[in-house]
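Starting from these lines, generate the structure:
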Amino acid sequence: MVAVTLTAVALTTCGQQAASPNAWDLNHVGPVKAADAIPELIAALRSQLKPDPVAGVDVPTVYAAMDKQLAPLLADFQALLVQAPQQIGTAPGPIVKGSVAQSAGQASVALLAANVPGREYFINKTYDAGEQFTGGGMVENVKGVSEGYAENGQVVVHMDMTGEATKVTGDGATAQTSVLVQSLLIGERVAADGTKTGQKTYVDLCPDDAGLSHGKLYFQLAAAGNVDGPAGQQGGQANFIVTADLLGHVDDSATLTSYDLNNLSIQRSATGSASSDSAGFFADGVSLTGVPPTSDAWTSTGNAVAGPSARTAIHNMKQSDAMREIGLMVLFAKFHVQEMYRIAEKAWQQGHCVDVVVTKGPDPKGLSAGQSSRFTAEVHHKPDGAQLEKPIVASDPVNGVVNPDGKPTMAPAEFTFTAGSGRPRYVELSSTSLRGIGKLTVYFLTSYKLTITVHLTGVGIPTQDSKLTGTIVPDPTNTFLEGPGTYTLEIYAGDCGAYKDYGPTTQPAKLKAVVKGDGSFELQVDYGFGFNPIGTFPAAGGAGQGTQTAPGTCGPATWTYAVQADPA
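Okay, here's the model as predicted:
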């Protein structure tokens, strides 16, 4: 654990001062348990309220009940945030569509509360614990929302939790309302009338051309107690407000090397406190630089740097208390910043920011053994489609040789693939840089002559065998195979169990084969109602199969497909 020491700015009582060694040493704060940080800070805030701002109420008991409800919700939010990087590309409404989006059979783990177009949710939970505490004549309600999502090129984190306890005493003429409130806001709150509190907390999903990922941080923790009485309202409130500019540094291996919390501003204030002067502190104009992204967020790491306008002050607090609270706020900030960058890093490393695109060729496409095919590839930035001057590597050729092999080649990059004797034939392209990682598999497809025998059985329908034939060839993009087909079958008409055979008929069909990536093709057929998969066959050619079951008029029906694919 590296000590974070601010040597250029001192925390001073009711004033400003510079150049005091070891004035802000966070090393004594960590490590801190995540579950302990907020309770400690809330306790610090409450200590600044009047001893009993809510008349006739057992304040500690009520606050303890609030904590009992708020603590698991915060823990849940942080646990979901830690899991969020694993949810890239699996949630509804993927960030991008195509090869890097949701794969078949990959279940979504997102908790989707609202389907916002273009937004991929990692967390979306609403909490409404309801009236769970009625002790001391108080009625308490804890509610809120926690969100983490990718939208408009940003990874956004938002949490808005509020606990409120209310007590009404006296008759209609002397009614007195007492209220205790505590809240945590991370990010921006937008009220029903459009009024905004705070600012969006986010980091850029994709690094810029200098390998930098920018962002903003805002969170506020508050506690308050108020009572309406004959002499008017009395009480107090206290809060922490933390803001920072965020900057992530990405290297040419598309790895986040460190991040900074720049222009860090921490304000802690109280009104209506037990003392005559407001208690609290502020510290701003400070930066925490070079924070390792893989470090424990609940320990103090990085380098504290004071800018020329940095300033700090303490009001009616012990300096040791102020230092500890600053340390806790920084650690709480680090946790959320670090998790946002983990989400973003997973995204740019999984192809959400750059594409490798074949812009010319392969030419020719269907290859004989020993024949060569040339193609050109570029790197494109997904958000705006711009061409990037970044290297491309061709590697792992299957049933062939690629040149250059394994050598980074600046885009636009030209490659040559020479076919071997086996099938399938393909090569992997990748581009790795400070803009992200993009990948593409280039297939050197051949044509196939298909013969498919279809065996139909079902409840109350005649058993029959039919035949589907055709030839499929590479499409213009060289990413799948397609072609016309002919379907020959018997025509039956009648009711369940009583059908008449009207003889054979021939119908047109469309055939399509899509590369599965495991050495086989998925075969699809369209009889005029859209393509549906019916089975698979090996890329080297030979026998394949498939089965379909569907409810029928009389009962379930099953189609069994025997596929023979011969390279043409």
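
make it CA atoms for all contacts and neighbour counts henceforth
Noted.

helix or strand for residue 63, which one?
Counting by DSSP states H and E, the element that carries residue 63 is helix 59-83.

For that helix, which outside residues touch it?
With contact meaning Cα atoms under 8 Å, 6 or more residues apart in numbering, helix 59-83 is reached by 34-35, 39, 52, 122-123, 127, 129, 133, 135-136, 138, 140, 142, 146, 148, 161, 163-165, 180, 339.

In ChimeraX, how would I select just the buried ones from those residues?
Here is the ChimeraX command that selects the buried residues among the contacts of helix 59-83 (16 or more other Cα atoms under 10 Å):
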select :34,52,122,123,129,133,138,140,142,146,148,161,163,164,165,180,339
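
Look up how far residue 219 lies from the nearest residue to residue 344 once chain neighbours are set aside.
Among residues not flanking residue 344 along the chain, residue 205 sits closest, at 4.9 Å (Cα to Cα, 6 or more residues apart in numbering). Plainly put, residue 205 is 20 Å away from residue 219 if you go by Cα to Cα, to the nearest Å.

and the angle for the biggest helix by length in the chain with helix 59-83?
Determined from DSSP state H, the single longest helix within the chain is helix 319-349. Interaxial angle, helix 319-349 versus helix 59-83 (axes from the mean of the first three to the mean of the last three Cα atoms, to 10 degrees): 30 degrees.

any idea which helix or strand comes after helix 319-349?
Remark: after helix 319-349, the chain's next helix or strand is strand 354-363, criterion DSSP H and E.

Beyond that following strand, next helix or strand please.
Heading C-terminal from strand 354-363 (DSSP H and E), you reach strand 372-381.

What is the distance between the helix or strand following that following strand and the centre of its chain?
With elements assigned by DSSP H and E, the helix or strand that comes after strand 372-381 is strand 387-388. Here strand 387-388 is found 25 Å from its chain centre; the criterion is Cα atoms, centre = their mean, to the nearest Å.

Could you please name the strands the helix or strand following strand 387-388 pairs with and the direction of each pair?
Scanning forward in sequence from strand 387-388 by DSSP H and E, the next helix or strand is strand 391-398. Applying DSSP bridges to the sheet, strand 391-398 is found paired with strand 409-410 (antiparallel), strand 426-433 (antiparallel).

Serialize these to CSV and add fields for distance to residue 374.
Below are these laid out as CSV (distance: least, Cα to Cα, whole Å):
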stretch, distance to residue 374
strand 409-410, 15
strand 426-433, 12
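
Return the most buried member of those.
strand 426-433 (a mean of 21; mean count of other Cα atoms under 10 Å).

which other residues reach that strand?
Contacts for strand 426-433 (Cα under 8 Å, 6+ apart): 251-254, 356, 379, 390-400, 402, 437-444.

mind giving me the domain ranges of this protein?
Structurally, the chain divides into domains by automatic domain parsing as follows: 16-349, 354-443, 448-567.

Including mean pLDDT, could those go into a markdown table?
Converted to a markdown table, those look like this (pLDDT from 0 to 100):
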| stretch | mean pLDDT |
| --- | --- |
| domain 16-349 | 80 |
| domain 354-443 | 92 |
| domain 448-567 | 88 |
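
Mind listing the residues bridging to the residue nearest to residue 483 when sequence neighbours are not counted?
Leaving aside its sequence neighbours, residue 483 sits nearest to residue 472 (Cα to Cα, 6+ apart; 4.3 Å). Counting by DSSP bridges, residue 472 is bridged to residue 448.

Residue 472 and residue 478, how far apart?
12 Å.

All the helices of the stretch 1-150 of the chain, residue numbers only.
With DSSP state H, counting those that start in this stretch as the criterion, the stretch 1-150 of the chain has helices at 34-46, 59-83.

Quick check: which of the ones you listed is nearest to residue 285?
With Cα to Cα, the closest approach to residue 285 among the helices of the stretch 1-150 of the chain belongs to helix 34-46: 22.1 Å.

send the alpha carbons of the closest one over as CSV?
Output of helix 34-46 as CSV, limited to C-alpha atoms (Å, rounded to 0.1, in the frame of the first residue of the first chain):
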residue,chain,number,x,y,z
ALA,A,34,-16.5,-1.1,1.8
ALA,A,35,-19.4,-1.9,4.2
ASP,A,36,-17.8,0.4,6.9
ALA,A,37,-17.1,3.5,4.8
ILE,A,38,-20.6,4.9,4.5
PRO,A,39,-21.6,4.1,8.1
GLU,A,40,-18.5,5.9,9.4
LEU,A,41,-19.1,8.9,7.2
ILE,A,42,-22.8,9.1,8.1
ALA,A,43,-21.9,8.9,11.8
ALA,A,44,-19.5,11.8,11.2
LEU,A,45,-22.2,13.9,9.6
ARG,A,46,-24.7,13.2,12.3
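
report the angle between the axes of it and helix 319-349?
140 degrees.

outside of helix 34-46, which residues touch it?
67, 71, 75, 221-224, 238-239, 270, 298, 325, 328, 332.

can you redo those residues as a markdown table with distance to residue 279?
Shown next, in a markdown table, are these (distance: Cα to Cα, whole Å):
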| residue | distance to residue 279 |
| --- | --- |
| 67 | 23 |
| 71 | 26 |
| 75 | 29 |
| 221 | 16 |
| 222 | 14 |
| 223 | 14 |
| 224 | 14 |
| 238 | 9 |
| 239 | 11 |
| 270 | 6 |
| 298 | 26 |
| 325 | 13 |
| 328 | 18 |
| 332 | 22 |
